[in-house]
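structure of the sequence below:
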Amino acid sequence: MSTLVIDMTRIEPTSGSKTSRKVLPHDYECDHEIEGRRTPILLTALAIGFTSSINYTNHAPLVPALISQFHFSQTFAGFLATGLFLSHAVMQIPGGHLADRFGPRPVLFAALTILCIGNCGIVFSIDYWHLLFWKIFIGIGTGICFVGGVRCLATSFSGTRLQVVQGYFGGSILLGSGFAIFVIPQVLTTIGWRCTFISTGLIAAAVLVPLLIAVPPKKIIVHSEGGFKDVFRSPQLWLLGLMHMASLGLVIIVGTWIALLLQQNLGLPVREAGILGSMPLLLGIISRPLGGFVAASIGVRPLLVTSFVMTALGCFLLAAVASYTSSMVGIVLIGSGCGLPFATLFKRAAALFPSCAGAAMGLVNMMGIAMIVVGAPLAGYAAQLSGSYRLSFRALGLFSLTVGAISFLIHDELRGR
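The predicted structure is shown next:
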C-alpha cells in the first residue's frame, strides 16, 4: 500500500474525496527529525498516563472522610467512580477521533488543563453533588488523556516497539491508580482531603511543560482503507473491548473496594489494607509490558485464556478471605491476570484500523470503562445489602471466567474485521 506524507498546514481537503477523511499522524519510523525524540515522547506519555490515572482512585481512600464531611452512603460513594468513568467513557471515541485529526498535543493539553481545574474545583465543594459534578468533569480530562496518550505512542512507534511502549503506558496507568491508593492513606491525616485534591491538580499542571517541549507538531499520512465508520462494524474490535472489560474494568473495581474488604474480613488497619489494596494495580506495571512479549511467544488466545483464569481464581480467593496468605495469592493473581492482555489489545486495535487508530483504541477502552461504570456502584450496593464485599468478588470471578471462554473467538492473526 502506497502512502503520501503531507504537511498539515498545507493540506486542502478535496470535496467528496474519501481519502481526505482518512488521515492520521505520520508514522515517524523513517523521519530523522523524530528519531532522537522518541525517548522524551515516551517519558511524557508515561507521565500523562500516571497523572491522569491518579484521578481514577484518588477519592477511594478518602471515602470515609468524605462521608463524614458530606453525609452520603457507600452506594453514593460508588457513584463518584461511576460519574468519572461515565464521562471518561463518553470521551474515548470523540477524543480518539480528535487525536487522529489534529494530533495528540492539543488534545492532551486541553485534557491536562481540565484535570487541574477539576481537582481545584473539588476543594471548594460544599455538598455531595458538587463532588459528583467535579468527578464527572475530571472524567472528561482523564478520558482524553488516555486515548491521546496511546495515540501519541502509535504516532511515533511501530512494530514490536509499539507493543512494548503501549505496555509501558498501560503500566503507568496502573502505577498512578495504585499510587493514589497507596500514598493517600499515609498522608491523609497530615494534609487532609482538600490538600490531597490540590496536590493532584498541581501534578497535572506540571506535566504541561514536558508535553509542550517533547511532543512534536503534527504531520499526517494518508491511508487508502479503514474509515471512521468501519470502526463500529468490526466484530473483532468489539471482542477486544469485551476482553478489556475483564482486565482494566475489573482491576479498577477491585482497586476501589479491596482495601475495605481486607479491613472488614481480616481486621487489617487502614494503612496496611491500603498497601495491600494497591498491589493488583501496581503489579500491572510489570504484567502489562510483559504481556506483549508473552503474546508474541504463545499467541493471543492462549494469553487471554490464561489471564482470565488467573483473574477468576484471584477473585474467588479474595471472596473466601480464608487467610492473609490466600488473600495475598489472590491479589497477585488478579494483578498479573488483568495486566497481561493490555498491550496486545491496543496494538491489535490500532493495526485493524491504522487510519483511525485513536478511535479504534477509544472504542476498546470505552468498553472497559463500561465495566467500571456499572460494576463500581453494584459492588458497593451488594456490600451494603450483604454487609460484606465477598458476594461482589465472587461475581467478578464468574465474569472473568465467562470472558475467558468467549476469548476463543479472538483471531490469532489480524484478519476478518
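
for stretch 370-388, buried residues please.
370-380, 382-383, 388 (16 or more other C-beta atoms under 10 Å). From N, CA and C alone the C-beta is placed, and that goes for glycine too.

low-confidence ranges, the stretch 151-300 of the chain, go.
Applying pLDDT under 70 to the stretch 151-300 of the chain flags residues 218-227.

in helices, which of the buried residues of stretch 370-388 appear?
370-380, 382-383 (DSSP state H).

S327 is in contact with F316, isn't it?
No - S327 lies out of contact with F316 (C-beta atoms under 8 Å); the separation is 11.5 Å.

for H411, which three-state class applies?
coil (DSSP: H, G, I helix; E, B strand; the rest coil).

thought it was touching Q236?
Yes - H411 lies in contact with Q236 (C-beta under 8 Å); the separation is 6.2 Å.

between the two, who's got more neighbours?
Ranked by neighbour count (other C-beta atoms under 10 Å), H411 and Q236 place Q236 first, with 17 against 14.

remind me which helix or strand the more buried one belongs to.
helix 235-244 (DSSP states H and E).

could I get the following helix or strand past that helix in PDB with only the CA atoms?
Note on helix 235-244: by DSSP H and E, the next helix or strand toward the C-terminus is helix 250-266. Only the C-alpha atoms of helix 250-266 are listed here, as PDB (Å, rounded to 0.1, in the frame of the first residue of the first chain):
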ATOM      1  CA  LEU A 250     -12.200  -5.500  36.700                       C
ATOM      2  CA  VAL A 251      -8.900  -4.400  38.200                       C
ATOM      3  CA  ILE A 252     -10.100  -0.800  38.800                       C
ATOM      4  CA  ILE A 253     -13.200  -2.100  40.600                       C
ATOM      5  CA  VAL A 254     -11.000  -4.400  42.700                       C
ATOM      6  CA  GLY A 255      -8.700  -1.500  43.500                       C
ATOM      7  CA  THR A 256     -11.700   0.600  44.500                       C
ATOM      8  CA  TRP A 257     -13.100  -1.800  47.100                       C
ATOM      9  CA  ILE A 258     -10.300  -4.300  48.100                       C
ATOM     10  CA  ALA A 259      -9.000  -2.200  50.900                       C
ATOM     11  CA  LEU A 260     -12.400  -2.100  52.600                       C
ATOM     12  CA  LEU A 261     -12.800  -5.900  52.100                       C
ATOM     13  CA  LEU A 262      -9.500  -6.500  53.800                       C
ATOM     14  CA  GLN A 263     -10.400  -4.200  56.700                       C
ATOM     15  CA  GLN A 264     -13.800  -5.900  57.200                       C
ATOM     16  CA  ASN A 265     -12.800  -9.500  56.900                       C
ATOM     17  CA  LEU A 266      -9.200  -9.600  58.100                       C
END
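
tell me the buried residues in helix 250-266?
Those would be 250-265, for helix 250-266 by 16+ other C-beta under 10 Å.

contacting residues for D127?
Contacts of D127 were listed using C-beta atoms under 8 Å, 6 or more residues apart in numbering, and they are F70.

before we move on, the earlier item: closest to P94 among the ones in helices among the buried residues of stretch 370-388?
Of all those, A370 has the smallest distance to P94: 15.7 Å, by C-beta to C-beta.

okay, that closest one and A351: tell me how far apart.
23 Å (C-beta to C-beta, to the nearest Å).

next: I67.
From I67 to A351 the distance is 45 Å (C-beta to C-beta).

mind checking the SS state of G291?
The three-state label given to G291 by three-state DSSP is helix.
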